[in-house]
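> Let's see this in three dimensions:
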Amino acid sequence: MDRFPTPAAPSPGRSPAAAAPEAAAHRRHEVTLRFLAAPTDRGKSGTVDAGRVLEWVDKAAFAAATSWSGSYCVTAYVGNIHFEYPVQVGEMVEVTATVLHTGRSSMHINTTVRSGDPKTGLLTERARCLVIFVAVDAEGHSTAVPTFVPRTLEQELARDYATSRIPVREEITAELRGQEYTEVGTAERVVLRFLAAPTDVNWGGKVHGGIVMEWIDTAAYLCSSRYCGRDTVAVFSGGIRFLRPLHIGDLVEVEARLIYTGNKGMHIAVEVRSGDPKGGQLEQTTNCITVMVARDGEGTSVPVPAWEPVSDEDRRLWQHARTLLQIRGRAPGNRLPNHLLPGQAS
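Predicted coordinates:
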């Protein structure tokens, strides 16, 4: 996982488009990956876990970003993703990543996951989200990308959708950045500690962003399952920010804490930290909010006990979750699903 670099200003007298490495006419703006969901993809609930789906999303978006930019790219942000229908082991999986909009060095990429019976070829949408990648040069500095110019009405509408999400994303990022988690909180909390292994490496020699998202899903599962005493699955993950590189051999901490319960949903704040295992302070590398639901033996979501905040920190984080819901509810065309709504299911 690499850092989201601060975009450098264009050279004086040159526009961002002029600073782009070359014309975009021959660039591919869409990439589709196809494969079978393998037995090794089976998750804790018997289907493919959300963390593995997020890894696929990251790989497809990376492929689209590098194909368009002609440069190495790093994950900067993964937007709201709803996991309404699980991917089954043995299904044909198709992950399509499409460039919708470009900034000077950033690419806004829509990623759609579909799966279904390989014998029929009929695939059903399982999840979709907006991912932002940034192109970087050999020194890790942001570098200009070709400007994506829509050629059809559909592409224009998709671009407008991507740009309409920018103010919402900035609000979410500011809200996430302003929170602090200490030992004063009384809610269910899980901390995983381990070393980043060589098998976690990405093409740039750092830890793959998709692997980090799998760690987030695992920690959220443990925290939510301990709270409600049932198996749980992720139904939503939002505002995953990648802040700095995580290196092979780093000591990694993944902390998951319950901060809110809604209609069946348990809102889990997850923070990933890393640093030198020989000592020193661990630095935050990634954070997000994941919503988990409990399921019975037949896979049906069931209500969970309402969590009541106790300490001042509990109440602050409870309000933090409510604020994030309000921000997401204001997003153009956004309709919050039942598991995100405030209140407790009857």
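> start to end distance for stretch 112-124?
Stretch 112-124 has an end-to-end distance of 10 Å (criterion: C-alpha to C-alpha, to the nearest Å).
> And it, how far out from the chain middle?
Offset of stretch 112-124 from its chain centre (C-alpha atoms, centre = their mean, to the nearest Å): 23 Å.
> for it, what is the average pLDDT?
Per-residue pLDDT over stretch 112-124 has a mean of 95.
> Over to stretch 31-51?
Here the average pLDDT along stretch 31-51 is 91.
> and if you look at stretch 237-249?
Average pLDDT, stretch 237-249: 87.
> buried set for it?
237-243, 245-247 (16 or more other C-beta atoms under 10 Å). Every C-beta, even on glycine, is put in place using the N, C-alpha and C of the backbone.
> Just the terminal-to-terminal distance for that stretch.
27 Å.
> still on that earlier bit, so which pair among the buried residues of stretch 237-249 is furthest apart in space?
Maximum pairwise distance among those (C-beta to C-beta): 26.4 Å, between Gly238 and His247.
> Would you work out how far apart the start and end of stretch 103-121 are?
Stretch 103-121: ends 36 Å apart by C-alpha to C-alpha.
> ditto for stretch 194-214
End to end - C-alpha to C-alpha - stretch 194-214 spans 14 Å.
> which other residues reach that stretch?
1-2, 49, 51-52, 54-59, 62, 72, 74-75, 78, 237, 240, 242, 245-252, 272, 274, 277, 285-286 (C-beta atoms under 8 Å, 6 or more residues apart in numbering).
> ok, 7 Å please
1-2, 51-52, 54-55, 58-59, 72, 75, 240, 242, 245-252, 272, 274, 277, 286 (C-beta atoms under 7 Å, 6 or more residues apart in numbering).
> what about burial for those residues, which qualify?
1-2, 51-52, 54-55, 58-59, 72, 75, 240, 242, 245-247, 250-252, 272, 274, 286.
> Can you flag which of those residues belong to strands?
Mapping the buried ones among the contacts of stretch 194-214 onto strands (DSSP state E) picks out 72, 75, 240, 242, 251-252, 272, 274, 286.
> so who does the residue nearest the centre of the chain touch?
With distances taken as C-alpha atoms, centre = their mean, the residue of the chain nearest its centroid is Val78 (3.7 Å). Taking C-beta under 7 Å, 6+ apart, we find Val78 in contact with 129, 131, 240.
> ok, which stretches of the stretch 201-346 of the chain are helices?
Listed in chain order, the helices of the stretch 201-346 of the chain (DSSP state H, counting those that start in this stretch) span 209-228, 312-329.
> same deal with the stretch 1-150 of the chain?
16-19, 50-69.
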